[in-house]
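Enquirer: Just need the structure, nothing else, for what follows:
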Amino acid sequence: MLAVADDAKGRGGERLHLWVTSQEKRWDAPFPIPQPGEPSHADGPVVVAVAWFEPASAAWTETLTGSRCEAQVEAAILLGLPRWTSATHPARVTTWGVDLHATGLGLHDPTGHVFAYGVNEIPSTWTTAARALGAVAAVYGVGPRQRAGHPEPLPAQRLTEARRDGTVAAAWIPLLE
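Expert: Predicted coordinates:
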């Protein structure tokens, strides 16, 4: 599985989907906001920075039990980033991290290596939200394929489908600065 994931990583990077969401935008909020023990929102709704690293090239494979899975997502799960299904809330994971670069974001695994890197302009609203919480709602995985002749759905809509399919891993992880 890890060899398949490494091969897929060599074929391309990740698409980076970024958005900012709050309690007031439930349709756009894939993470429960705030979690118990999270900062108070006495000054208004808590705003969360969401970063979805989506492999440009999926590496579908079969497990020993015959079920179909995406190898890169399974590698992330093996390294401690929890699978994120429709029935679960994302955990807080301190062994992973996201750091800002001039050209995008890096997702660091527990060894400190860059597991994923996405190139994108980082909006100041996203950076402000990430710094305010000191954490990012980070997602790694593949969404459903775009249907020919249809407009690309919003990332939050695609993420809902990916959670249902079990093809994403996610957690609240620290912003590394």
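Enquirer: going forward, measure contacts and count neighbours with C-alpha atoms only.
Expert: Noted.
Enquirer: quick one, what contacts Ile176?
Expert: Wrong residue type there; residue 176 is Leu, not Ile. Shown here is Leu176, whose contacts under the criterion C-alpha atoms under 8 Å, 6 or more residues apart in numbering are Gly97, Val98, Asp99, Leu100.
Enquirer: From the residues you listed, which land in strands?
Expert: Those of the contacts of Leu176 mapping onto strands are Gly97, Val98, Asp99, Leu100, per DSSP state E.
Enquirer: Any of these buried? List them.
Expert: Buried by 16 or more other C-alpha atoms under 10 Å: Gly97, Val98, Asp99, out of the ones in strands among the contacts of Leu176.
Enquirer: Tabulate the residues you listed (a markdown table), appending distance to Ala87 and pLDDT.
Expert: Listed next are those as a markdown table, based on distance: C-alpha to C-alpha, whole Å; pLDDT from 0 to 100:
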| residue | distance to Ala87 | pLDDT |
| --- | --- | --- |
| Gly97 | 24 | 97 |
| Val98 | 25 | 97 |
| Asp99 | 28 | 96 |
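Enquirer: Please enumerate the helices of the chain.
Expert: 2-11, 71-78, 124-133, 155-165 (DSSP state H).
Enquirer: Give the other helices and strands that the second one contacts.
Expert: Which is helix 71-78. Applying 3 or more C-alpha pairs under 8 Å, 6 or more residues apart in numbering; DSSP states H and E, we find helix 71-78 packed against helix 2-11, strand 135-141, strand 168-176.
Enquirer: In terms of mean pLDDT, which of those ranks lowest?
Expert: Among the helices and strands packed on helix 71-78, helix 2-11 has the lowest mean pLDDT, at a mean of 48.
Enquirer: one step back: out of the contacts of Leu176, who's nearest Val46?
Expert: The closest of those to Val46 turns out to be Val98 (C-alpha to C-alpha; 19.4 Å).
Enquirer: The residue nearest to Glu14 when sequence neighbours are not counted - how many residues pack around it?
Expert: Of all residues not flanking Glu14 in the chain, Pro55 sits nearest, at 4.3 Å (C-alpha to C-alpha, 6 or more residues apart in numbering). Other residues near Pro55 come to 24 when the count uses other C-alpha atoms under 10 Å.
Enquirer: How about Thr65?
Expert: 6.
Enquirer: How about Pro123?
Expert: Counted with other C-alpha under 10 Å, Pro123 comes out at 11.
Enquirer: so how far is Gly104 from it?
Expert: As defined by C-alpha to C-alpha, to the nearest Å, Pro123 lies at a distance of 10 Å from Gly104.
Enquirer: Spell out which residues are contacts of both of those two.
Expert: Counting by C-alpha under 8 Å, 6+ apart, nothing touches both Pro123 and Gly104.
Enquirer: Quick check: the two most widely separated of the contacts of Leu176?
Expert: Farthest pair in the contacts of Leu176, by C-alpha to C-alpha: Gly97 and Leu100, 10.3 Å.
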